[in-house]
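Trainee: would you be able to build a 3D model of this:
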Amino acid sequence: MAEIVILGAGIGGLPMAFEMKENARPGDRVTVISNTPTFHFVPSNPWVAVDWRDREEIELPIAPILEKKGVDFIAVGAKRVHPERNVVELMDGREVPYDFLVIATGPKLAFDEIEGLGPNGHTQSVCHVDHAEHAKQAWMEFVKDPGPVVVGAVQGASCFGPAYEFAMIMETDLRKRKIRDKVPMTYVTSEPYIGHLGLNGVGDSKGLMESIFRDKSIRWICNAKVTKVEQGVMHVTEHDEDGKPKKEHTLPFKYSMMLPAFKGVDAIFGIDGLVNPRGFVLIDEHQRNPKFPNIFAVGVCVAIAPTEPTPVPTGVPKTGYMIESMVTATAHNIRAVLDGQPPKEKATWNAVCLADFGDRGAAFVALPQIPPRNVNWFGEGYWVHLAKIAFEKYFLRKMKKGTSEPIYEKIVMQAMGIMKLKDK
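Mentor: Numbering: from 1, shown residues only. Predicted coordinates:
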């Protein structure tokens, strides 16, 4: 019997548990460790932050879902992974042994790298449902007495989609409240241009996003480093194409949401050979760590090099489609090793994204994620808004049922169908 432990129960960890249980041998035990007893659908957090969703609508209890699948669950956070001893040390002092470990923790949010950033500082976040609820409270106070908004992603950020989403969702909500005219909006980003997305752009994302921002009267500052945030004031240094400081901006705001940079979580940070200097897990083409071959990793915690150097550091997003393919490859590779075979499955590092803009939306398909690509498409329309709502409901149903049925593959096929119709 093998002990297979999955560290994390988010968008990567829960599907990993489902697929691993399906691929494990009779008698193998699968255990999930999480620092929270609930799963929440992260892509819905921007809706929570403007009171378009309640927390209860996007959150599920983990234990009953895993119990139905025959998967053990420990709702205690990991203090430290000890790969030399093959154990995970928990916050309560217990140690959980493993034969195989799959790290699916997601990131640590590096608010501390910029003075005044984050929910404990002067800006909001939509990275976690707790943050989104805090952001909602601030938003409800803001709309009573509106003023300037600053939104975006700081240097080192790697997930830009939610920043664009939240900018547009706020803009839509303000229009619905008939107070948009009272709110100057500025988008601040480390990207070298609007629509870069950490992916060197996808299709005509630059042109389309610039056009949308102009139409919505959202000004932008690219190649930006946030140096400090004070109450009601953000200090930003804009850089030129060589990465040299070009202009200093002092931006007043009454409401701000800025995505932080990511790091590896404390439980694995600094483990030589397991993670890179930022704490992201080093993997080979089979999702396996080169130094500790019984450790695999999936999701945002995986180390991926940027697609290109940029004047201000930007990371690479790990989209749901990529994570889904990582999960499938990992489950099959662990089973292969259990059967005495070498791992051979590789994740298809493709990117698919649905970004809701409140009453419309934008979607992109990048196959593969890193250029050059076989498919390089970006589009927008009301259909994306509807698709994002449908996707939320579908994904939550999938989690409740505990099924490993692929979702993103269907989205790709549907998006490809839309592209063909447009071509005709």
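
Trainee: so what's residue 354 closest to, chain neighbours aside?
Mentor: With Cβ to Cβ, 6 or more residues apart in numbering as the criterion, residue 354 has its nearest non-adjacent residue at 4.7 Å, and that residue is residue 388. To be clear about C-beta, it is placed using only N, CA and C from the backbone, and glycine gets the same treatment.

Trainee: quick one: low-confidence residue ranges for the stretch 301-424 of the chain.
Mentor: Counting by pLDDT under 70, the ranges of the stretch 301-424 of the chain that qualify are 407-424.

Trainee: ok so, going back, what sits against the residue nearest to residue 354?
Mentor: Going by Cβ atoms under 8 Å, 6 or more residues apart in numbering, residue 388 touches 43, 354, 355, 356, 361.

Trainee: now swap in residue 236 and tell me
Mentor: For residue 236, the contact set (Cβ under 8 Å, 6+ apart) comprises 188, 221, 224, 225, 226, 227, 248, 249, 250, 251.

Trainee: can you list these in JSON lines and add neighbour count and secondary structure?
Mentor: Formatted as JSON lines, the entries for the contacts of residue 236 read as follows, by neighbours: other Cβ atoms under 10 Å; DSSP: H, G, I helix; E, B strand; the rest coil:
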{"residue": "188", "neighbour count": "24", "secondary structure": "strand"}
{"residue": "221", "neighbour count": "18", "secondary structure": "strand"}
{"residue": "224", "neighbour count": "27", "secondary structure": "strand"}
{"residue": "225", "neighbour count": "20", "secondary structure": "strand"}
{"residue": "226", "neighbour count": "28", "secondary structure": "strand"}
{"residue": "227", "neighbour count": "17", "secondary structure": "strand"}
{"residue": "248", "neighbour count": "10", "secondary structure": "strand"}
{"residue": "249", "neighbour count": "16", "secondary structure": "strand"}
{"residue": "250", "neighbour count": "9", "secondary structure": "strand"}
{"residue": "251", "neighbour count": "20", "secondary structure": "strand"}
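
Trainee: quick check: the farthest pair among these?
Mentor: Spanning the widest gap among those are 225 and 250, at 13.7 Å by Cβ to Cβ.

Trainee: end to end, how far does stretch 151-161 reach?
Mentor: Counting by Cα to Cα, to the nearest Å, the length from the leading to the trailing residue of stretch 151-161 is 12 Å.

Trainee: now the residue minimising distance to the centre of the chain: phi and psi?
Mentor: When Cα atoms, centre = their mean is applied to the chain, the residue found nearest the centroid is residue 159 (5.7 Å). When quoted as degrees, to the nearest 10, the phi and psi of residue 159 stand at phi -120, psi 90.

Trainee: for residue 138, same thing?
Mentor: Here residue 138 shows phi and psi, under degrees, to the nearest 10, equal to phi -70, psi -40.

Trainee: just the pLDDT at the residue lying closest to it once chain neighbours are set aside, thanks.
Mentor: With sequence-adjacent residues excluded and distances taken as Cβ to Cβ, 6+ apart, residue 138 is closest to residue 124, at 5.8 Å. Note for residue 124: predicted pLDDT of 98.

Trainee: residue 22 is in contact with residue 331, isn't it?
Mentor: Yes: Residue 22 is in contact with residue 331 according to Cβ atoms under 8 Å; the separation is 7.3 Å.

Trainee: okay, these two: which has more neighbours?
Mentor: Taking neighbours as other Cβ atoms under 10 Å, residue 22 and residue 331 compare with residue 331 leading, 27 against 14.

Trainee: who's in contact with that one?
Mentor: Residue 331 makes contact with 16, 19, 20, 22, 23 under the criterion Cβ under 8 Å, 6+ apart.

Trainee: cool, and residue 208?
Mentor: Counted by Cβ under 8 Å, 6+ apart, residue 208 has contacts 195, 362, 378, 379, 380.

Trainee: relative to residue 309, which of these is nearest.
Mentor: The nearest member of the contacts of residue 208 to residue 309, counting by Cβ to Cβ, is residue 195 at 18.1 Å.

Trainee: hang on, the earlier thing: ok, now how distant is the residue nearest to residue 354 from residue 201?
Mentor: For residue 388, the distance to residue 201 (Cβ to Cβ, to the nearest Å) stands at 21 Å.

Trainee: cool, and residue 164?
Mentor: Shown here: residue 164 relative to residue 201, a distance of 13 Å by Cβ to Cβ.
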